[in-house]
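> pasting the sequence and the predicted coordinates here, then a few questions.
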Amino acid sequence: MSTRIAFLKGHGTENDFVIVPDPENAVELSAAAVAALCDRRAGIGGDGLLHVVRSAEHPEARSMADEAEWFMDYRNGDGSVAEMCGNGVRVFARYLQHAGHVGEGDLAIATRGGVKTVHIAKDGDITVGMGRAVLPEGDVTVAVGERSWPARNVNMGNPHAVAFVADLADAGGLFTAPSFAPAAAYPDGVNVEFVVDRGPRHVAMRVHERGVGETRSCGTGACAVAVAAARRDGVDPRETGLPVTYTVDLPGGTLVITEQPDGRIEMTGPAVIVAEGAIEAEWLENALG
């Protein structure tokens, strides 16, 4: 291991990430190392980690290398591997622009949830093509303490349970994961969104992210919420033939989600690089010791 490992810190609507540029996939990032780096008191701090690797250099992304030069090897804050992170894709794209790898305009980014199309606008906002939602059949419920709610099962490349509630405070502290049923609906756990209405095509949400806890924002969660709201409101674009857009307020900011008649979902929002520096290898070795 080199003496120091380069890193950056960034966030998208206050969903924050440690960014480790590693084009050749030379840095070994174990689950314990990721958790240490994401620790907010003893490490750098983040909801997750963005490992920036060329697709051709990563065994999980080589099949996508012809479509996307860069692979977002995303990890949750506890070190576990995740399929996708919507806010993470925007911050990943902002890093590529910051590093001079790309400019304004269109690009493609490989993820475990497939290749995502991205547009970096002149005004700074970044739009991500999030793919199409899958809505598995079957009833799902989520619960916090003694209270439970029906939820919509939405998969955005990662699993979500969307519950509409009377008040966002109903979700409680969200320090621990809400329970859900049936267990078979989410064998690997689930991200849970609690949602209230703010106005026509305007909702607000809180989220418990699987492997992280409550976060200030969740991009795939905001998309899942918009999809669930459109079905609840009777404006499913695949039935009406018209695109539908929802404004989604999160504790860390606002995202705009549009679903097209062919099911494609686009998410638009900000992404910021905050700082850059170097991780001391000695610190990392001690943290893992």
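That came through, no problem.
> which other helices and strands contact the lowest-mean-pLDDT helix or strand in the chain?
Using mean pLDDT, DSSP states H and E, helix 281-288 stands out as the lowest-scoring helix or strand of the chain, at a mean of 86. Packing contacts for helix 281-288, counted by 3 or more Cβ pairs under 8 Å, 6 or more residues apart in numbering; DSSP states H and E, involve strand 4-12, helix 31-38. To be clear about C-beta, it is placed using only N, CA and C from the backbone, and glycine gets the same treatment.
> just the angle between the helix or strand following the shortest one and strand 4-12, please?
Proceeding C-terminally, helix 31-38 gives way to strand 48-54 as the next helix or strand, assigned by DSSP states H and E. For strand 48-54 against strand 4-12, the angle between stretch directions is 120 degrees (axes from the mean of the first three to the mean of the last three Cα atoms, to 10 degrees).
> pairing partners for strand 48-54, with directions?
strand 15-21 (parallel), strand 70-76 (antiparallel) (DSSP bridges).
> what about the next helix or strand after the last one, distance to the chain center?
Scanning forward in sequence from strand 70-76 by DSSP H and E, the next helix or strand is helix 86-98. When C-alpha coordinates are averaged (Cα atoms, centre = their mean, to the nearest Å), helix 86-98 and its chain have centres 11 Å apart.
> tell me how far the closest residue in space to E214 that isn't next to it in sequence lies from R41.
Take E214 and drop its neighbours on the chain: the residue closest to it by Cβ to Cβ, 6 or more residues apart in numbering is L174, 3.7 Å away. In this view, L174 and R41 are 20 Å apart by Cβ to Cβ, to the nearest Å.
> which one of these two has more residues nearby?
Applying other Cβ atoms under 10 Å to L174 and R41 shows that L174 carries more neighbours, namely 17 against 5.
> the more buried one belongs to a strand?
No - L174 is assigned coil when assessed by DSSP: H, G, I helix; E, B strand; the rest coil, not a strand.
> with distance to F71 added, can I get the helices and strands packed on helix 281-288 in TSV?
TSV is the format used below for the helices and strands packed on helix 281-288 (distance: least, Cβ to Cβ, whole Å):
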stretch	distance to F71
strand 4-12	17
helix 31-38	16
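> picking that back up, now the strands paired with strand 48-54 as TSV including mean neighbour count and distance to T215?
Formatted as TSV, these follow (neighbours: other Cβ atoms under 10 Å; distance: least, Cβ to Cβ, whole Å):
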stretch	mean neighbour count	distance to T215
strand 15-21	25	6
strand 70-76	25	10
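> I'm done for today, thanks for sticking with me.
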